[in-house]
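structure for this input, please:
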Amino acid sequence: MPRRDLSNNQIKQKLQKPDWIKVNFVQGKNYKKVREASKALNLNTVCQEANCPNIYECWDGGTATFMLLGDICTRGCRFCHVKSGNPKGVVDIFEPENTADAVKELELEYVVLTSVDRDDLSDGGSTHFAETVNQIYKKNKNTLIEVLIPDFSGNLDNLSIVAKARPTVIAHNIETTRTLTPLVRDARASYDRSLKVLRNVKELDSNIYTKSSIMLGFGEKYSEVIEAMRDLRKANVDILTIGQYLQPSDFHISIKQYVHPDEFIKLKDVAEDMGFKYVVSGPLVRSSYKAGEYFVKNLVK
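Numbering: from 1, shown residues only. Model prediction:
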């Protein structure tokens, strides 16, 4: 596991990407279908905006993560490739229905919805999330829906709006350890607030599965990762994903270490012993990585 006692020279060096960080660049039939449908309906996908390394594999496998509420985020986390700025209250009112049409056209059994942070909106975008979920259920009765939500600035009423739409899964990412949160995430994000969001979902509707994600490679200690996993379990989180942080550009926070696949396997075993219902852990795992395949096969069915 990565340690924070690396020398300054080690930290400044550009780390060599190891052999186990391999990405499939094959553009299959389904990949092209998802790309064309998203473009035709003017939809954003986090797969593209966040420069996800698994875009070809996931899209070709029929899993896509639609990013609601535009492509400009009001926050600026140091790990994220999505643009930061002021969206000035702009919302595409046709997006919920267009997203539902895309789900139907692509015949998705499982869809993931996420969004940029929209601190410029009074409800943080929660009503837009709920309307999109409702539209998908209306046109795709058997589709399972996961929403990866922002923290809505800790507003319980806004979180309740999303929960009342009854998505199958509500995810909110803790991203990193308590100690590294101020370094990695936007100053408006909070480790404890993220835990509270996940805890509140269960209090609002215990039938909704909750999910969170931890990235490795920022310089976290093994004990800190274990602490974060314990905190998530105390918040009754059901599903955990653990992946390797990959620096999207030279302007983002640097990678301190590429974590060996064996370490991900060890963490998976520890997490399962803690009582998570499902754990996905590996270097190229992302929060929504092949979400449909993993979730449908291992929890719903």
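
Glu224 versus the closest residue to Thr181 other than its chain neighbours, what's the distance?
Computed as CB to CB, 6 or more residues apart in numbering, the closest residue to Thr181 that is not its neighbour in sequence is Tyr191, at 4.4 Å. (C-beta placed from N, C-alpha, C; glycine too.) Going from Tyr191 to Glu224 by CB to CB, to the nearest Å gives 11 Å.

which of the helices or strands spans Ile136?
helix 126-139 (DSSP states H and E).

so which other helices or strands are in contact with that helix?
Using 3 or more CB pairs under 8 Å, 6 or more residues apart in numbering; DSSP states H and E, the elements in contact with helix 126-139 are strand 65-68, helix 95-106, strand 110-115, strand 144-148, helix 156-164.

and the angle from it to helix 156-164?
Interaxial angle, helix 126-139 versus helix 156-164 (axes from the mean of the first three to the mean of the last three CA atoms, to 10 degrees): 10 degrees.

got the buried residues for helix 126-139?
For helix 126-139, a neighbour-count test (16 or more other CB atoms under 10 Å) marks 126-137 as buried.

tabulate the CA atom coordinates of that helix in CSV.
Extracted in CSV, the C-alpha atoms of helix 126-139 (Å, rounded to 0.1, in the frame of the first residue of the first chain):
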residue,chain,number,x,y,z
SER,A,126,-32.1,17.0,-7.0
THR,A,127,-35.5,17.6,-8.7
HIS,A,128,-33.8,17.0,-12.1
PHE,A,129,-32.3,13.7,-10.9
ALA,A,130,-35.8,12.6,-9.6
GLU,A,131,-37.5,13.6,-12.9
THR,A,132,-34.9,11.7,-14.9
VAL,A,133,-35.4,8.6,-12.8
ASN,A,134,-39.2,8.9,-13.2
GLN,A,135,-39.0,9.3,-16.9
ILE,A,136,-36.8,6.2,-17.2
TYR,A,137,-39.2,4.1,-15.2
LYS,A,138,-42.1,5.4,-17.3
LYS,A,139,-40.5,4.2,-20.5
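
relative orientation of it and strand 110-115 in degrees?
Using the same axes, to 10 degrees: helix 126-139 against strand 110-115 is 160 degrees.

where is the longest strand in the chain?
Counting by DSSP state E, the longest strand found in the chain is strand 209-216.

same for the next helix or strand after that strand, what does it pack against?
Going down the chain from strand 209-216, the next helix or strand is helix 222-234, by DSSP H and E. When contacts are defined as 3+ CB pairs under 8 Å, 6+ apart, helix 222-234 sits against helix 191-204, strand 209-216, helix 261-274.

run the chain-centre distance for the second one.
Going back to what we said before, that points to strand 209-216. Strand 209-216 sits 7 Å away from the centroid of its parent chain (CA atoms, centre = their mean, to the nearest Å).

do stretch 126-133 as well
When C-alpha coordinates are averaged (CA atoms, centre = their mean), stretch 126-133 and its chain have centres 17 Å apart.

what lies in contact with it?
68-69, 91, 95-96, 99-100, 113, 115, 145, 147, 149, 152, 158-159, 161-162, 164-167 (CB atoms under 8 Å, 6 or more residues apart in numbering).
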